[in-house]
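Novice: 3D, please:
(one chain, ligands or ions: 1)
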Amino acid sequence: PFDVLVVGGGPAGASAAIYAARKGIRTGVVAERFGGQMMDTMSIENFISVKETQGPRLAASLEEHVKQYNVDIMNEQRVSNIVEAANTDDGYAHIYLESGAMLKSRSVIISTGARWREMNVPGEQEYRNKGVAYCPHCDGPLFKGKRTAVIGGGNSGIEAAIDLAGIVEHVTVLEFADTLRADQVLINKAESLPNIDIITMAQTTEVVGDGTRVTGISYKDRNTDEIKHIELAGIFVQIGLVPNTEWLKESAVTLTPRGEIEIGAHGNTNVNGIFAAGDVTTVPFKQIIIAMGEGAKASLGAFDYLIRTPAP
Ligand code: FAD
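Specialist: This next block holds a predicted model:
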């Protein structure tokens, strides 16, 4: 059995594994796809101390760093359920894989991340990272002086519009419903900015490009059913970040109504011996550098738990 089993191999999980392994305890990582969201990221310019890198490159150096240590990496394995130590016959947490295997561990760090909800319209996949973006903190500066759209008029959409308005030439917010769902204070701020336009009752229908980059977006005006087109260079999709916690619905781990794992100051969940880190949790602001810090914290939290808890 493991002392620490990390579920998820993104920046949070890799960081947790390194911190655990450095304590000389038996450490494993199970990941569906090592590298996580970084594998879908082109340019990264806000990973402090590295001026510019690419996601897959950063993921490769993370993997190399993890492999410096005696960590059992189980890649391309999906976890389907977890039973906490208090409810097993042998005092270990049981972690079930979709392959049918079962792993045992004294403590578990869940870092299964999240995924951006997509528009599912033609052109979105083709122009992902070529004008279609999901993270204004990450990619906003790439559209300096250009025209952009934000899809979604909830808090994250309006925050993104206000953020982008300071960098880009112009922002059009497209909201499907007839009203914005963001807090009034954010709406007031957005409405006060001269380079933000807000269009409601707008259903995005297509991302348009020239084969290499985004050149515009088409949407249906739901009042008139008319198809309209806006010329622009960037589209920020802000219709929700979904935590990868579907597999925890049957477990004892407490999730918020949005499906995020609730964590305490040590990365602890409500269940003894189960910790969590990164985008899958309630931590505010989902970023690589934050996920790594959170992974380190949860790992130290797990170690602290292990030295205070007798082995089964
Ligand atoms: P993730 O990276 O989501 O990793 C989750 C891990 O868990 C993966 O290994 C996954 O395969 C695994 N997993 C999920 N479910 C299971 C399961 N059931 N069983 C086993 N394994 C599972 N942040 C920045 O700081 N700078 C940027 O420039 C930047 N650009 C971005 C661009 C894009 C397109 C995207 C999508 C995100 C970007 N981000 C950026 C955000 C950043 O990638 C995330 O905040 C970060 O990756 C979160 O790390 P994590 O380890 O918590 O989760």
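Novice: Can you give me the buried ones in stretch 143-163?
Specialist: Buried residues in stretch 143-163, counted by 16 or more other Cβ atoms under 10 Å: 143, 147-154, 156-163. (Each C-beta comes from the backbone N, C-alpha and C, glycine too.)
Novice: again with stretch 52-68
Specialist: Quick answer for stretch 52-68 (16+ other Cβ under 10 Å): 53, 55, 58-59, 62-63, 66.
Novice: got it, and stretch 216-232?
Specialist: Buried-residue list, stretch 216-232, by 16+ other Cβ under 10 Å: 216-220, 230, 232.
Novice: Just the ones in strands from those, please.
Specialist: Judged by DSSP state E, strands contain the following of the buried residues of stretch 216-232: 216-220, 230.
Novice: Farthest-apart pair in those, please.
Specialist: Spanning the widest gap among these are G216 and K220, at 14.5 Å by Cβ to Cβ.
Novice: Need the pLDDT of E84.
Specialist: For E84, the model assigns a pLDDT of 96.
Novice: Contacts only, for it.
Specialist: 93, 251-252, 271-274 (Cβ atoms under 8 Å, 6 or more residues apart in numbering).
Novice: T53 now?
Specialist: T53 neighbours (Cβ under 8 Å, 6+ apart): 43-44, 47.
Novice: Next, give me the two most distant ones among the buried residues of stretch 216-232.
Specialist: It's K220 and L232 that sit farthest apart of these, by Cβ to Cβ, at 17.0 Å.
Novice: On the three-state scheme, I162 is what?
Specialist: Taken by DSSP: H, G, I helix; E, B strand; the rest coil, the conformation at I162 corresponds to helix.
Novice: is it true that it touches E191?
Specialist: No: using Cβ atoms under 8 Å, I162 makes no contact with E191, being 10.3 Å away.
Novice: Which of the helices or strands spans A16?
Specialist: A16 is part of helix 11-21, with elements assigned from DSSP states H and E.
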